[in-house]
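In: build me a structure from this.
(one chain, ligands or ions: 1)
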Amino acid sequence: MLTETKTETAGVLFDKLNQYDYEQIVFCQDKATGLKAIIAIHNTTLGPGLGGTRMYHYNNEQEAITDVLRLSRGMTYKAAISGLNLGGAKAVIIGDHRKLKSEALMRKFGRFVENLHGKYITAEDVGTTTKDMEYINMETSHVVGLPEIMGGGGDPSPVTAYGVFLGMKACAKEVYGNDHLDGKKVLVEGVGKVGGHLVEMLVAEGAKVTVADINEEAIHEMVRRFDVGVCALDKTHEQDIDIYSPCALGASLNDESIPQLKCAIVAGAANNQLADETRHGRMLMEKGILYAPDFLINAGGLINVYTELHGYKREIAMSRAENIYQVARDIIAMAKNENIPTYAAANKMAELRIEAIAGVKRTF
Ligand code: NAD
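Out: Take a look at the predicted model:
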């Protein structure tokens, strides 16, 4: 993990790039618009690096560097495990998006993306919007996440929810011998865009769903539409359930929550659910809880924008998301055979695919 916050010398930065084998880091600066951005391209073995542009008020430049390096590497693994022909990359724009953002700034950033000639494809992320992607698109075609009328994929959350649903089924097959979720007690924590669609699929399948959310309106909406129970926020981890589905924030699997969990499966949409991948991945395994790696089962968002690259069709995105079921099954089998946590099996499988394709591309 990359956690340093001190100012670093170029030598230390190169050591870090070397440790995880980053390909290219681009520092972008424009005085007129106030743009300060960093584009990190981690690995393009499988294809162009695709990852969103995050605009955030970082406390210092080092924080921005740490974030962009961590996120871009995560994208390499997500694309690889999802079977996409994409590499991993990410960009950050330093600054408060409510104060600094302008058409000129986003277009200037678009020029920097254009200068990479397609090695990096950008998309929406925290602090940027579909409108920003439109501005970027005025300067470069290497952008996805455009509005539907411009050939974009629109809201990715139904595709993401479908992937989570299938990941859950793959886990159920392992634990219960079949992948039917009817009668299974499922707690969905966070019923926003993804969680809401997931609840709809679970209810249709006959699962006994309970929901939890900090937003009362989101809860009311679920109760109005579906026959679901409601769980108080401070009781989510101690519920006697079959499946816990974190669909709100990251790091919900930690030293405090894992000992309390009374479930057989964890499968949700939130990014970075394991507060500490190594420690908490192992804790879950030792507790006998099957964990569906988040970066695989929530890959529907990436699959959705990937589909834009070749002429978007929702049916194609959904059909690509179906692959998540088999990959999850393969990861579970590998984890079992090698007696390793599922997150570790997923990482290994992603690395094996990259290595194999690098071999194909080597000239001989
Ligand atoms: P969202 O903002 O629409 O929904 C999140 C929901 O979680 C909201 O209803 C919010 O009130 C609730 N919430 C926030 N804090 C909470 C807490 N402490 N306890 C309980 N509920 C809480 O977001 P979303 O698009 O549905 O995404 C959900 C998660 O999945 C996020 O972590 C996101 O990064 C991840 N994800 C989303 C997509 C996608 O396609 N939208 C793709 C990949 C990953």
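In: now the residue of the chain found nearest the ligand. Nearest residue, chain neighbours left out?
Out: Here the residue of the chain nearest the ligand is residue 192; by Cβ to the nearest ligand atom that distance is 1.7 Å. For glycine as for every other residue, the C-beta is placed from the backbone atoms N, C-alpha and C. Leaving aside its chain neighbours, residue 192 sits nearest to residue 218 (6.3 Å; criterion: Cβ to Cβ, 6 or more residues apart in numbering).
In: okay, and the one you found sits in which element?
Out: Here residue 218, judged by DSSP states H and E, is contained in helix 216-225.
In: the helix or strand just after that helix near the ligand anywhere?
Out: Scanning forward in sequence from helix 216-225 by DSSP H and E, the next helix or strand is strand 229-230. No - judged by Cβ under 6 Å from any ligand atom, strand 229-230 stays clear of the ligand, getting no closer than 11.8 Å.
In: mind listing the helices for the stretch 1-150 of the chain?
Out: Per DSSP state H, counting those that start in this stretch, the stretch 1-150 of the chain carries helices over the ranges 10-19, 61-81, 97-100, 103-115, 130-137.
In: got JSON lines for those helices, with mean pLDDT and mean neighbour count too?
Out: Formatted as JSON lines, the helices of the stretch 1-150 of the chain follow (pLDDT from 0 to 100; neighbours: other Cβ atoms under 10 Å):
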{"stretch": "helix 10-19", "mean pLDDT": "87", "mean neighbour count": "12"}
{"stretch": "helix 61-81", "mean pLDDT": "96", "mean neighbour count": "22"}
{"stretch": "helix 97-100", "mean pLDDT": "96", "mean neighbour count": "13"}
{"stretch": "helix 103-115", "mean pLDDT": "98", "mean neighbour count": "20"}
{"stretch": "helix 130-137", "mean pLDDT": "97", "mean neighbour count": "21"}
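In: what comes into contact with the helix holding residue 218?
Out: 191-192, 195-196, 199-200, 211-213, 228, 230 (Cβ atoms under 8 Å, 6 or more residues apart in numbering).
In: kindly state the domain boundaries assigned to this protein.
Out: 22-72+86-143, 157-352 (automatic domain parsing).
In: per-residue confidence averaged over the last one?
Out: The average pLDDT for domain 157-352 rounds to 97.
In: hang on, isn't residue 55 packed against residue 129?
Out: No - counting by Cβ atoms under 8 Å, residue 55 does not reach residue 129; the two are 9.5 Å apart.
In: of those two, who's got more company?
Out: Higher neighbour count among residue 55 and residue 129: residue 55, with 26 against 15, using other Cβ atoms under 10 Å.
In: measure the more buried one to residue 13 for me?
Out: Distance, residue 55 to residue 13, by Cβ to Cβ, to the nearest Å: 22 Å.
In: and what of residue 176?
Out: Counting by Cβ to Cβ, the gap from residue 176 to residue 13 is 49 Å.
In: hmm, back to that, and the helix holding residue 218, which residues are buried?
Out: 218-219, 221-222 (16 or more other Cβ atoms under 10 Å).
In: out of the contacts of helix 216-225, which are buried?
Out: Buried members of these, counted by 16+ other Cβ under 10 Å: 191, 195-196, 199-200, 211-213, 228.
In: most widely separated two among the residues you listed?
Out: 200 and 212 (16.6 Å; Cβ to Cβ).
In: ok, back up a step: just the buried residues of helix 216-225 that are near the ligand?
Out: Near the ligand, taking Cβ under 6 Å from any ligand atom as the test, the members of the buried residues of helix 216-225 found are residue 218.
In: and the buried residues of helix 216-225 as CSV, adding distance to residue 341?
Out: As requested, the buried residues of helix 216-225 are arranged in CSV below (distance: Cβ to Cβ, whole Å):
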residue, distance to residue 341
218, 32
219, 33
221, 35
222, 32
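In: for the buried residues of helix 216-225, which one is nearest residue 288?
Out: Lowest distance from residue 288 to the buried residues of helix 216-225 (Cβ to Cβ) belongs to residue 222, with 29.8 Å.
In: distance of the closest one from residue 237?
Out: Between residue 222 and residue 237 the computed distance is 20 Å (Cβ to Cβ).
In: swap in residue 69?
Out: 32 Å.
In: look up the closest residue to residue 81, ignoring the ones flanking it.
Out: residue 350 (4.4 Å).
In: element containing that neighbour, please.
Out: helix 342-361.
In: tell me which residues are up against that helix.
Out: Helix 342-361 is touched from outside by 43, 45-46, 76-77, 80-81, 83, 274, 277, 281, 285, 290-293, 295-296, 327, 330-332, 334-335, 338, 340, with contacts defined as Cβ under 8 Å, 6+ apart.
In: please redo it, this time with the cut-off set to 7 Å
Out: Helix 342-361 is contacted from outside by 43, 45-46, 77, 80-81, 274, 277, 281, 290-291, 293, 296, 330-332, 334-335, 338, using Cβ atoms under 7 Å, 6 or more residues apart in numbering.
In: any part of stretch 52-69 near the ligand?
Out: No - applying Cβ under 6 Å from any ligand atom, one finds stretch 52-69 separated from the ligand by no less than 10.4 Å.
In: picking up where we left off before, any idea how far the residue nearest to residue 192 lies from residue 196?
Out: Distance of residue 218 to residue 196, computed by Cβ to Cβ: 7 Å.
In: now swap in residue 308 and tell me
Out: According to Cβ to Cβ, residue 308 stands 23 Å off from residue 196.
In: check residue 110 too.
Out: Distance from residue 110 to residue 196, by Cβ to Cβ: 33 Å.
In: likewise for residue 176?
Out: Where residue 196 is concerned, residue 176 sits at a distance of 25 Å (Cβ to Cβ).
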